[in-house]
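**Q** Just a sequence and a predicted model for now, questions to come.
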Amino acid sequence: MARLEDLPPEFARHLAELPCPDMSETACVAGPPLSQRRVAIISTAGLGRKSEGGFNPGDADYRVIPAALPAADLTMSHISVNYDRTGFQEDINIAFPIDRLREMAASDEIGSVADYHYSFMGATDPAEMKPAVESLIGPLKADQVDAVVLIPV
Amino acid sequence: MSAIGHYLEAAGLPTVSISLIRLHSEKMHPPRALWVPYELGRPLGVPNDAAFQTRVLRAALALLERTDGPILEDHSEDAPNRAKDDADDGMFCPVSFPPPAADESPSAILKREISGLKPWQALAVERRGRTTTIQSGLAIEAIADHFAAMAEGTAPAGSTLEGVPPAEAFKRMLDDLLAFYQEAATAQPGQTASHAEVSVWFWGETQAGKLLLACRDRAREGEYADLRFITERLMIPRVAREKLNL
């Protein structure tokens, strides 16, 4: 359904015309076989813990989501209202597939699941997120992460 | 999403992105991306379908074993039984509200509407084991009272949540109110409406939608620019604005 031709024309035009930063190609980093990788999720769905404040317009920071956080304590405070939230209301895995990662770790498809996962709020200019993203490199490496799956909404 | 992939990969961390808007990935060429043909908000495709979600995730993670980037692959499995997001056949009508009495106040109509939805929202909570109406910390009735008072011009100025700026408090309550209606509307058997259908129903058919539009009018007259920004730009989905001329 995210084919642009399936969306209302004005909205499709808006999405097509959103400015995309001009980024040069980045060489892919090699790693061990998937069955040995430790995987973290980074979402841009504006996810966070119930106990902390939600995202506001322009926020370029992130929230930390412990792998063990109960689903009932996971909030979605993205500022956009232009996407479906009923799927997330039914099942957090639609945007934050933590249970699927656990199953894949249990069946040795991946090595393990990171202890911590992260979320930004995707309406912010990605260039403004750069310092916050780079500040995550240390914590991700300290968590032994060698595979990051990036998931939008 | 693509930019985050560039930043992390440049620092030595292998990444793979799920892509919902293929055009954006084509322009930003992240190191590895899997485009999926799903509705915005549903990157894994289908809620409560572990096998379907696993196939998406497995296809994405498989790209990590490649280094011939930039990689942009397509995941061809469509999500079943979802209406096209520009569909609006007027068929989505999860709850029928009785017409108001002649002398019924707008806030009384809203309370009656919420009472009518409550059994369905409770069913959603029971079935799912959680609710997403958790951002403001207020009960739905308190949120309704606030929006009704704001719509009628009788709400006190400022924030209703201690220590939270007015615009942010409004957004948290708005998210909770929308979530309450969405959870109730989709709890009934057979309701698999698209974002467009749920949005057009809420903004075109419900008293809550009508009162929020009145809140937008009050915000236009008020002193808080941030609140005006939210009610003008971050409250009504584009699809509802287009279809209902809001």
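**A** Great, that's in hand.
**Q** Kindly provide the distance from residue B:209 to residue A:57.
**A** In this structure, residue B:209 and residue A:57 are 22 Å apart, going by Cβ to Cβ, to the nearest Å. Where C-beta positions appear, they are placed from N, C-alpha and C, glycine not excepted.
**Q** Equivalent analysis for residue B:239, please.
**A** Noted for residue B:239: a distance of 20 Å to residue A:57, by Cβ to Cβ.
**Q** Chain B: strands as residue ranges?
**A** B:15-19, B:32-35, B:71-74 (DSSP state E).
**Q** Sorry, slip of the keys, the one I care about is chain A.
**A** Counting by DSSP E, the strands of chain A are A:38-43, A:47-49, A:63-66, A:74-76, A:112-113, A:116-119, A:147-151.
**Q** Mind checking the ones you listed for the one nearest to residue B:109?
**A** Nearest to residue B:109 among the strands of chain A is strand A:74-76; the distance by Cβ to Cβ comes to 28.9 Å.
**Q** Can you get me a residue count around residue B:59?
**A** By other Cβ atoms under 10 Å in any protein chain shown, 18 other residues sit near residue B:59.
**Q** So between residue B:239 and residue A:57, which is more surrounded?
**A** Neighbours were counted for residue B:239 and for residue A:57 using other Cβ under 10 Å; residue B:239 has more, 25 against 16.
**Q** Can you pull out the low-pLDDT segments for chain A?
**A** Counting by pLDDT under 70, chain A contains low-confidence residues at A:1-2.
**Q** Revised request: answer the last question for chain B.
**A** Using pLDDT under 70, chain B drops low at B:81-94, B:191.
**Q** where exactly do the helices run in it?
**A** According to DSSP state H, chain B carries its helices in the segments B:2-10, B:22-28, B:50-62, B:106-128, B:140-152, B:166-185, B:195-205, B:207-221, B:225-233, B:238-244.
**Q** what angle do the fifth one and helix B:106-128 make?
**A** With axes from the mean of the first three to the mean of the last three Cα atoms, to 10 degrees applied, the angle from helix B:140-152 to helix B:106-128 works out at 150 degrees.
**Q** got the buried residues for helix B:140-152?
**A** Going by neighbour count (16 or more other Cβ atoms under 10 Å in any protein chain shown), the buried part of helix B:140-152 is B:140, B:143-151.
**Q** Distance to residue A:143 for the residues you listed - can I get that in TSV?
**A** Conversion of the buried residues of helix B:140-152 to TSV gives the following (distance: Cβ to Cβ, whole Å):
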residue	distance to residue A:143
B:140	38
B:143	38
B:144	43
B:145	45
B:146	41
B:147	42
B:148	47
B:149	47
B:150	44
B:151	48
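**Q** Considering only these, which also neighbour chain A?
**A** The overlap between these and the neighbourhood of chain A (criterion: Cβ under 8 Å from any Cβ of the partner chain) is empty.
**Q** just curious, which of these is nearest to residue B:107?
**A** Comparing the buried residues of helix B:140-152 against residue B:107 with Cβ to Cβ picks out residue B:148 as the nearest, at 3.5 Å.
**Q** Not including adjacent chain positions, what is the nearest residue to the closest one?
**A** In space, not counting the residues next to it along the chain, residue B:148 is nearest to residue B:107; the distance is 3.5 Å by Cβ to Cβ, 6 or more residues apart in numbering or on different chains.
**Q** do the same with residue A:101
**A** Residue A:101's closest residue in space is residue A:113 (Cβ to Cβ, 6+ apart), at 4.7 Å.
**Q** try residue B:26
**A** The spatial neighbour of residue B:26 that comes closest, neighbours along the chain excluded (Cβ to Cβ, 6+ apart), is residue B:72 at 6.8 Å.
**Q** in the sheet, who's paired with the one you found?
**A** residue B:33 (DSSP bridges).
**Q** That one: neighbouring residues, count only.
**A** Residue B:72 is surrounded by 19 other residues when neighbours are defined as other Cβ under 10 Å.
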